[in-house]
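# okay, structure incoming, though there's no sequence with it:
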């Protein structure tokens with residue numbers, strides 16, 4: 001008797017074998033991996049765990065010294081006074097008495113306008129005055145005669161009044177001629193254009209032979225360079241401190257010129273504007289400099305440092321050491337065991353490339369200036385370059 005058999009299509013049996021094979025192999029591979037990675041493995045030849053290498057960093061030593069507190073800004077040199085020379089009479093430029101770029105002094109002759117028409121006008125005014133003065137003298141003599149005859153009853157009141165009126169009229173005409181003569185003399189003086197200030201003259205804008213109109217064409221521009229101003233802007237948050245310090249005395253201002261920004265020119269704060277610029281949130285200030293050597297030039301851009309006060313015993317670190325996190329500013333301190341420790345710090349004003357620290361670290365501590373990105377408290381570090389900070393250096 002035949003046994004009943006279960007017949008299955010080979011195509012249905014074949015896929016089951018790989019699944020059973022994979023389900024057995026996967027646990028075996030995981031077990032072997034755990035055994036190989038486990039430091040407890042006592043299998044012969046098992047690799048030991050490698051020690052973590054220290055993180056290379058650079059560090060600087062925290063210093064302490066008296067520090068001048070200054071506010072820094074970019075300034076622009078401006079002349080104290082600028083004069084645009086214009087003719088006050090119409091005429092032809094007869095002569096230019098200076099060279100472009102010359103230093104000029106007050107009342108120095110710069111331009112001459114052809115004076116012949118004005119000389120003729122002055123002579124005419126003088127002649128008119130002489131004529132009317134003669135008529136005035138004659139009228140006064142006639143009045144005196146009429147007054148005597150009037151007292152004698154020879155002339156009538158009407159004749160006497162006429163003589164008196166003619167004398168007053170001729171005297172008024174003489175006064176008018178005198179005023180015309182003074183005006184003609186003034187117009188003649190305007191033909192000589194002189195410098196109203198000490199300064200340096202710029203480009204000649206109108207040359208000899210050109211005709212100029214009254215108060216129309218600028219002939220040249222004079223800038224006063226001694227003294228000279230430097231205008232700069234500070235944030236409105238800094239204004240109260242500046243005003244408070246300025247109320248106690250004069251505040252020095254230094255202006256740095258040249259590519260090296262060395263050998264500053266020293267002046268003093270001269271002006272604080274009476275309003276804050278609402279578009280920039282800054283206030284305009286000006287420092288005044290003697291500028292005897294003319295180191296500052298109009299239109300020049302300079303670095304400006306406004307001195308406020310000196311802070312004694314300030315604790316300083318290089319600005320590269322200070323990081324900012326969610327809890328505020330912090331630094332990494334290198335401990336004696338060559339591990340890093342994070343320290344929250346309080347920040348004071350910046351001094352060039354350094355920052356004043358008000359709390360958190362002490363003089364002599366070493367702080368990381370490069371390599372902080374790989375650090376955390378307890379991280380082993382290797383200081384590649386340590387530097388004792390000198391004034392103005394990390």
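Now that the structure is in, tell me what you want to look at. What you are looking at is a predicted structure, and each value in this text was computed from that prediction instead of being measured.
# the residue positioned nearest the centre of the chain pairs with what?
Residue closest to the mean C-alpha point of the chain, counted by CA atoms, centre = their mean, is residue 75 at 2.1 Å. Beta bridges link residue 75 to residue 232, residue 302 when assigned by DSSP bridges.
# I'd assumed residue 234 was in contact with it.
No - Residue 75 is not in contact with residue 234 according to CB atoms under 8 Å; the separation is 10.6 Å. C-beta: built from backbone N, CA, C; applies to glycine.
# circling back to that earlier point, mind checking pLDDT for the residue nearest to the centre of the chain?
The confidence metric pLDDT takes the value 96 at residue 75.
# tell me the contacts of it?
The contact partners of residue 75, taken as CB atoms under 8 Å, 6 or more residues apart in numbering, are 230-232, 255, 287, 301-304.
# just give me the closest of these to residue 82.
Comparing these against residue 82 with CB to CB places residue 231 closest, at 13.4 Å.
# can you tell me how far the closest one sits from residue 355?
Distance of residue 231 to residue 355, computed by CB to CB, to the nearest Å: 28 Å.
# same deal with residue 87?
For residue 87, the distance to residue 355 (CB to CB) stands at 59 Å.
# do the same with residue 221
Per CB to CB, residue 221 is found 45 Å from residue 355.
# more neighbours, these two?
residue 355 (23 against 17; other CB atoms under 10 Å).
# how about the nearest residue to the more buried one, chain neighbours excluded?
Closest residue to residue 355 apart from its sequence neighbours, by CB to CB, 6 or more residues apart in numbering: residue 319 at 5.0 Å.
# report how many residues lie close to that neighbour.
Using other CB under 10 Å, residue 319 has 15 neighbouring residues.
# state the distance from it to residue 305.
From residue 319 to residue 305 the distance is 17 Å (CB to CB).
# does residue 193 touch residue 218 like I think?
No - the criterion here is CB under 8 Å, and residue 193 misses it with residue 218 at 11.6 Å.
# the two: which is more packed in?
Between residue 193 and residue 218, counting by other CB under 10 Å, residue 193 is the more crowded of the two (23 against 13).
# partners of that one in the sheet?
Bridge pairing for residue 193 - DSSP bridges - gives residue 111.
# tell me who's in contact with it.
Counting by CB under 8 Å, 6+ apart, residue 193 has contacts 85, 87, 109-113, 219.
# and the residue nearest to residue 236 when sequence neighbours are not counted, helix, strand or coil?
Nearest residue to residue 236, sequence neighbours excluded (CB to CB, 6+ apart): residue 276, at 4.8 Å. Assigned by DSSP: H, G, I helix; E, B strand; the rest coil, the conformation of residue 276 is strand.
# any idea of the pLDDT on residue 276?
96.
# check whether it really touches residue 237, as I assumed.
No - using CB under 8 Å, residue 276 is not in contact with residue 237; the gap is 10.3 Å.
# and the strands in the stretch 251-394 of the chain, which stretches?
Applying DSSP state E, counting those that start in this stretch to the stretch 251-394 of the chain gives strands spanning 252-257, 262-277, 282-289, 301-318, 323-325, 328-334, 340-344, 346-351, 354-359, 366-370, 381-388.
# right, I'll call it a day here.
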